[in-house]
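Student: With the input below, show me the fold.
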Amino acid sequence: MLRSGITKELQIALSVELVLFTVGVYYLSEVMIWLVFLALALTLFVFAGKKVELEPGRIILKWGYLRELKKVITAEDVVDVIGASRARHVILAKYMPWLLLVPLGMIIVGVWILLFTSYKFAAFGWLLFGVFQLAGHVFSKAEKNKALVFVLLVTAFIVVYAYSIRLRMALFQITLIGGIMAGVIWYEGAIGSNYLILVTKDGNYLLTYSDENDIKSLLAALGG
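Tutor: Presented below is the predicted three-dimensional model:
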């Protein structure tokens, strides 16, 4: 199934919620933390990608289950269709730099927790998951080895840091999570999901697909 992917609006909303969550943790405000969780669930519901409608000469992208958002793209609007998961040298962040908002935000929050709070263990999770997402956005399929080394180096740094501050109980968990992430990159590549980048005259859009038939149907609708 061909579905509409992540949008800039979703990334911006998630970044704002990440900041609010950090503020809530800093001030130990349970109410604020729970409100952020509710806002997060609502955001994912509002911006969830839906099935792409294919019509002769145009496609309709849809998002959301409360208030449906639509974007109609005609064949004349389309500049290129790029199979990001298949092309060896495509970097997602080059076409959609806003994808970096959430992973960079997670890394910043992780560093902030390490430097200014006593919840060191929580920081390691933010850092690892942020780095894992970042690797998928800034490395191409051909750079799988670089992405792998990047994740392993960050994992090793976190392990050494945890050992230096006597959080030895966390060493196994950190190593396990970092190892799993490295394994995913090794098995699936830096770009794990089946992504298509739709390059248009007024911006770029991310789509996901299930199999090759989805791509053929898209190209047929666009007259390709």
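
Student: can we go C-alpha only for contacts and neighbour counts from here?
Tutor: Will do.

Student: give me the low-pLDDT residue ranges for this protein?
Tutor: 189-193, 224 (pLDDT under 70).

Student: domain assignment for the chain?
Tutor: In terms of domains, the chain is parsed into 1-78+212-224, 86-96+104-192 (source: automatic domain parsing).

Student: closest one to Lys201 among those domains?
Tutor: Nearest to Lys201 among the domains of the chain is domain 1-78+212-224; the distance by C-alpha to C-alpha comes to 5.6 Å.

Student: hey, which of the domains of the chain is tucked in deepest?
Tutor: domain 86-96+104-192 (a mean of 18; mean count of other C-alpha atoms under 10 Å).

Student: Measure how far that one is from the centre of its chain, please.
Tutor: Domain 86-96+104-192 has its C-alpha centroid displaced from the chain centroid by 13 Å (C-alpha atoms, centre = their mean, to the nearest Å).

Student: can you give me the strands in this protein?
Tutor: Along the chain, the stretches classed as strands by DSSP state E are 3-4, 53-55, 58-63, 69-74, 78-83, 195-200, 203-208.

Student: who's in contact with the first one?
Tutor: What it means is strand 3-4. Gly49, Lys50, Lys51, Val52, Leu61, Lys62, Trp63, Leu206, Leu207, Thr208, Tyr209 (C-alpha atoms under 8 Å, 6 or more residues apart in numbering).

Student: Extract the C-alpha trace of stretch 181-189 and format it as CSV.
Tutor: Extracted C-alpha coordinates of stretch 181-189, given in CSV (Å, rounded to 0.1, in the frame of the first residue of the first chain):
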residue,chain,number,x,y,z
MET,A,181,20.6,-0.6,16.5
ALA,A,182,23.9,-1.4,14.8
GLY,A,183,22.4,-4.8,13.7
VAL,A,184,19.4,-3.1,12.2
ILE,A,185,21.6,-0.7,10.2
TRP,A,186,23.8,-3.6,9.1
TYR,A,187,20.8,-5.7,8.0
GLU,A,188,18.5,-3.1,6.5
GLY,A,189,20.9,-0.3,5.7
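
Student: Report back the residue of this structure that's furthest from centre.
Tutor: Within the chain, Arg166 marks the point farthest from the mean C-alpha position, 32.0 Å out by C-alpha atoms, centre = their mean.

Student: got a list of what the residue nearest the centre of the chain touches?
Tutor: Nearest to the geometric centre of the chain sits Gln133, at 5.5 Å (C-alpha atoms, centre = their mean). Gln133 sits next to Pro103 when contact means C-alpha under 8 Å, 6+ apart.

Student: separation between it and Lys50?
Tutor: The gap separating Gln133 from Lys50 is 22 Å, by C-alpha to C-alpha, to the nearest Å.

Student: Could you do Leu148 as well?
Tutor: Counting by C-alpha to C-alpha, the gap from Leu148 to Lys50 is 32 Å.

Student: And Lys94, by the same measure?
Tutor: Distance from Lys94 to Lys50, by C-alpha to C-alpha: 24 Å.

Student: the longest helix in this protein is where?
Tutor: If you go by DSSP state H, the chain has its longest helix at helix 144-164.

Student: Export that helix to CSV, keeping only CA atoms.
Tutor: Extracted C-alpha coordinates of helix 144-164, given in CSV (Å, rounded to 0.1, in the frame of the first residue of the first chain):
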residue,chain,number,x,y,z
LYS,A,144,25.9,1.9,5.6
ASN,A,145,29.4,1.2,7.0
LYS,A,146,29.7,4.9,8.0
ALA,A,147,26.3,4.8,9.7
LEU,A,148,27.3,1.6,11.5
VAL,A,149,30.6,3.0,12.8
PHE,A,150,28.8,6.2,13.8
VAL,A,151,26.3,4.4,16.0
LEU,A,152,28.9,2.0,17.5
LEU,A,153,31.2,4.9,18.3
VAL,A,154,28.4,6.8,20.1
THR,A,155,27.4,3.6,21.9
ALA,A,156,31.1,3.1,23.0
PHE,A,157,31.3,6.7,24.2
ILE,A,158,28.1,6.3,26.3
VAL,A,159,29.4,3.0,27.8
VAL,A,160,32.7,4.6,28.8
TYR,A,161,30.9,7.6,30.2
ALA,A,162,28.4,5.5,32.2
TYR,A,163,31.3,3.5,33.6
SER,A,164,33.2,6.7,34.6
